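Novice: this one's sequence-less:
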């Protein structure tokens, strides 16, 4: 593959000097090629980096690894584009000040001992950032492992992975916060023969973060596919923008989120907050921005390599399978179903052609040719051709060919035909599953035909790529800003207050009454009709069921009066310090499906709308989904559809069809309310929201403020 010259690189991007320096200084350079300060210099010399290398070492040595050395960066003749700092933590600030004085454009700080250690380290790290900001200099790290640009033999890292391998140039870019994760990933990629365009490990991300690296790779002409790994995100808006930019540029992003702690969830007193967690929110944001979240390095590399080979994503998530083994075909069909892929039946044109070609085989999908296909001249290629040409429904076609690729000469004719078939019908992604000679694999993949040895990995990789294509088609645009509300929310809203606020926002609620005496409760119940529900009202009791604060199915005045007294007694006994506003009397709602909807105020991504089914059981099953606010009604409906149990709303097994449009409208209204009050909210919990055959209603609500 040809490489891009400096003239064609995105020179205007501020990260450009990190990857394309003309001169590099190594501050703390060591003559020992095995030390952290010595390895980068050795790797650059061994790779044949063509730029100028300037070792800087205060020891006074005339040379370091055969190159002229300098005691100070300021002694280096001429400009320096890129500096690597590998000195003890006490000397980093002084070294960075010299970089600023020298006019260095980009710096990597390998040294650790900063914000990842203690408060003093965080303070020192903040001073480094201030120096860089004032000088207009970009910094990677501190506590960074380095970066690679194979196209220019620029291996600016101290990773020992380069002792045994050298990543080759390719079209997949990698940005990772963790250096060890990054070196393990590009080590695995190199051993698999996968080429890389750019690699960067961002470390503590005091300045440059993974989101900005994705933004850079979206511009980079050499990068066609982006892999990324993050431990935490500091700027949700920047990450969203970078992922959208990559999707709009036609560059697939396969991303991993390392760690699944519930950061921010504990701060919310709602069910919604406890259900959020980092994983659920990150999943939603990645999907909305067109990226696929991988669960392992192997999966990430499989999908990225597939995308690099295919050059375009599969047109849809329907697949065809041709196999000479019934067992392998069943395995792949199982994998496809588990991955959400469709296996449509063969169309009549394909069925007829296959019956004529292989009369002993049963036309189906998967199509088992049996071993007798070898008795038909050019049988494998002709079968593939029929399935590709006669059935335009497939986004991808798998051809399981066992191990025939291990005999290059015998396979040559089939190889040529497969390449020709793909050239004539490029709209259908062609994936060959077989053990193959390296040369066979290389020739097929150079022609755009993917090759996998493992059928399960092949199916899962295609599923990930096809899912990205679907996500791109539904890519969310940047939402217009929503003006913040002037109205201030109460610090501790009771259920009555919460419902009043939500009702004003367009969310349907019942006509209810808060009563301070048993006689008032009876009068309210008589006015609204029986049966009714009675609930304790207190700004200090978030979850009423935990104190026995709800009594349902009250059929007459005596039951209501008794319920009033019981609830007041329970509250005094089980929550003795709680402020009690009274007892809420509400009509008893029959029928419908209980759902939970809410707002989780994520510390990184802002208001996230949550939807799930199950009432109090929702925390047990956690069949919930999240979406970024604000939501249109159509986006609200998509959120509902993303929950597995939503099938219960759609005539499940002959049952009623419920009003999902009204539910979607409610989700949209709730999201708008959250956006207007984003600076005050900690979370919102509407549990349950009962969806009926016509409309729906909020039966309980909790609003938590900061």
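Specialist: Arrived safely. Since the structure is predicted, the reported quantities are computational estimates derived from the model, not experimental observations.
Novice: any idea how far residue 100 lies from residue 94?
Specialist: 11 Å (C-beta to C-beta, to the nearest Å). Placement of C-beta: from N, CA and C, glycine included.
Novice: of the two, which one has the most company?
Specialist: The neighbour comparison of residue 100 against residue 94 (other C-beta atoms under 10 Å) goes to residue 100, with 15 against 12.
Novice: in a helix, the more buried one, correct?
Specialist: Yes: membership of residue 100 in a helix is supported by DSSP: H, G, I helix; E, B strand; the rest coil.
Novice: for residue 231, see how far away the closest residue to it other than its chain neighbours is.
Specialist: Leaving aside its chain neighbours, residue 100 sits nearest to residue 135 (3.7 Å; criterion: C-beta to C-beta, 6 or more residues apart in numbering). Distance, residue 135 to residue 231, using C-beta to C-beta: 28 Å.
Novice: between the two, tell me which one has more neighbours.
Specialist: Neighbours per residue, other C-beta under 10 Å: of residue 135 and residue 231, the larger number sits with residue 135, 19 against 15.
Novice: contact partners for the more buried one?
Specialist: By C-beta atoms under 8 Å, 6 or more residues apart in numbering, the residues touching residue 135 are 99, 100, 103, 104.
Novice: next: residue 384.
Specialist: 322, 397, 399, 417, 418, 421, 430.
Novice: and those residues, which is closest to residue 612?
Specialist: Using C-beta to C-beta, residue 397 comes nearest to residue 612 of those, at 37.2 Å.
Novice: now do the helix or strand harbouring that closest one: distance to the chain's middle.
Specialist: Assigned by DSSP states H and E, residue 397 falls within strand 396-400. Strand 396-400 sits 27 Å away from the centroid of its parent chain (C-alpha atoms, centre = their mean, to the nearest Å).
Novice: what about residue 411, distance to residue 223?
Specialist: In terms of C-beta to C-beta, residue 411 sits 33 Å off from residue 223.
Novice: out of those two, which sits in the busier spot?
Specialist: Per other C-beta under 10 Å, whichever of residue 411 and residue 223 has more neighbours is residue 223, with 25 against 21.
Novice: so that one: helix, strand or coil?
Specialist: coil.
Novice: can you show me the helices along the stretch 1-150 of the chain?
Specialist: 16-19, 39-47, 92-102, 119-135 (DSSP state H, counting those that start in this stretch).
Novice: which SSE is immediately downstream of the lowest-mean-pLDDT helix or strand in the chain?
Specialist: When the helices and strands of the chain are scored by mean pLDDT, DSSP states H and E, helix 618-621 comes last with a mean of 64. Sequence-wise, the next helix or strand downstream of helix 618-621 (DSSP H and E) is strand 624-628.
Novice: which outside residues touch the following helix or strand past that following strand?
Specialist: Downstream of strand 624-628, the next assigned helix or strand under DSSP H and E is helix 633-641. Applying C-beta under 8 Å, 6+ apart, the contact partners of helix 633-641 are 474, 476, 609, 611, 625-627, 631, 646, 649, 660-661, 663-668, 671.
Novice: can we see that at 6 Å?
Specialist: Applying C-beta atoms under 6 Å, 6 or more residues apart in numbering, the external contacts of helix 633-641 come out as 611, 625, 627, 646, 660, 663, 664, 665, 667, 668.
Novice: quick one: low-confidence residue ranges for this protein.
Specialist: Along the chain, the model assigns pLDDT under 70 to residues 1-11, 260-278, 390-392, 615-621.
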